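Peer 1: Got a predicted model here, sequence first, then my questions.
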Amino acid sequence: MRLRIEADAVVLDIEGTTSATGFVVDVLYPYSRARFAALLTERAGEPAVARAMARVRELTGEPDADAVRIEKTLNAWLDEDRKATPLKTLQGIVWSEGFARGDLVSHFYDDVVPALRTWHAAGVRLYVYSSGSVAAQRAWFSSTPEGDLLPLVSGLYDTENAGPKQEPESYRRIAATAGVAADRLLFLSDRPAELDAAREAGWRTVGIRRPGEPYYGQGAGGHAQAGTFDEITVARRST
Ligand SMILES: CSCCC(=O)C(=O)COP(=O)(O)O
Ligand SMILES: [Mg+2]
């Protein structure tokens, strides 16, 4: 089914929306799991690593947790795909280095990149809002099978600079920072609770339903739905 949505900017979720959850879980997660021990022991003095380790201690209520204990916590969060901000920060450090080294190349569903190019060429601004850290998002969009897509993107938001993805306030913050009216922002996500939060903030929403993705079988919750990006036409306000 074709959808025509009036919007000046599109905000993209990554996992389950632009890209396969299976790729994230099967390729990226093992890559970070294999490198956490070295990161937490050899680089604990780096400010970003130290801050994330301190945040893990706070979240777990274990002020004395050492690197081994923190690694165990990170791996448990990985097992349950918990989107904890310090986990995402540490993964972002490991992954961005992996992408820069050429160990990793990101994944996008086939329909996504042509749609992003079409929307961008039509003057629609593109933003990313993902639980993956801004560092990870930057690496993800710059090291794709189709080259560097970062020039298409006007801004990157994560749970650190915008807040949790299931809270309307995070979407209000993004709208204010991007300088786009709420009702001119379109959020594309696979996850109903995120779409609900965006709608509560006054955004337009489309649930992306891809077979095999974890939220595929869930109800639409009143959101418009599309199976692929090429079903969506984004129309800017005519002046
Ligand atoms: C480049 S981000 C890697 C994916 C990831 O770790 C993640 O948590 C994505 O979650 P999303 O909010 O995009 O569903
Ligand atoms: Mg998602």
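Peer 2: Yep, it's here. Ligands and ions are numbered 1, 2, ... in the order given.

Peer 1: Ligand 2 contacts on the protein?
Peer 2: Taking CB under 5 Å from the ion as the contact definition, the chain meets ligand 2 at 13, 15, 16, 190. Every C-beta, even on glycine, is put in place using the N, C-alpha and C of the backbone.

Peer 1: what's the closest of those to ligand 1?
Peer 2: residue 15 (3.3 Å; CB to the nearest ligand atom).

Peer 1: any idea which element the closest residue to residue 53 other than its chain neighbours lies in?
Peer 2: Distance criterion CB to CB, 6 or more residues apart in numbering; nearest residue to residue 53, sequence neighbours excluded, is residue 70 at 5.6 Å. Taking DSSP states H and E as the definition, residue 70 sits inside helix 67-79.

Peer 1: Residue 32: what's it in contact with?
Peer 2: Counting by CB atoms under 8 Å, 6 or more residues apart in numbering, residue 32 touches 78, 90, 91, 94, 95.

Peer 1: Test my guess that residue 205 contacts residue 225.
Peer 2: No: under the criterion of CB atoms under 8 Å, residue 205 is not in contact with residue 225, lying 9.7 Å apart.

Peer 1: From the neighbour counts alone, determine which of those two ranks first.
Peer 2: Higher neighbour count among residue 205 and residue 225: residue 205, with 26 against 16, using other CB atoms under 10 Å.

Peer 1: Give me the distance between that one and residue 173.
Peer 2: Counting by CB to CB, to the nearest Å, the gap from residue 205 to residue 173 is 17 Å.

Peer 1: give me the number of residues near residue 102?
Peer 2: Neighbours of residue 102 (other CB under 10 Å): 8.
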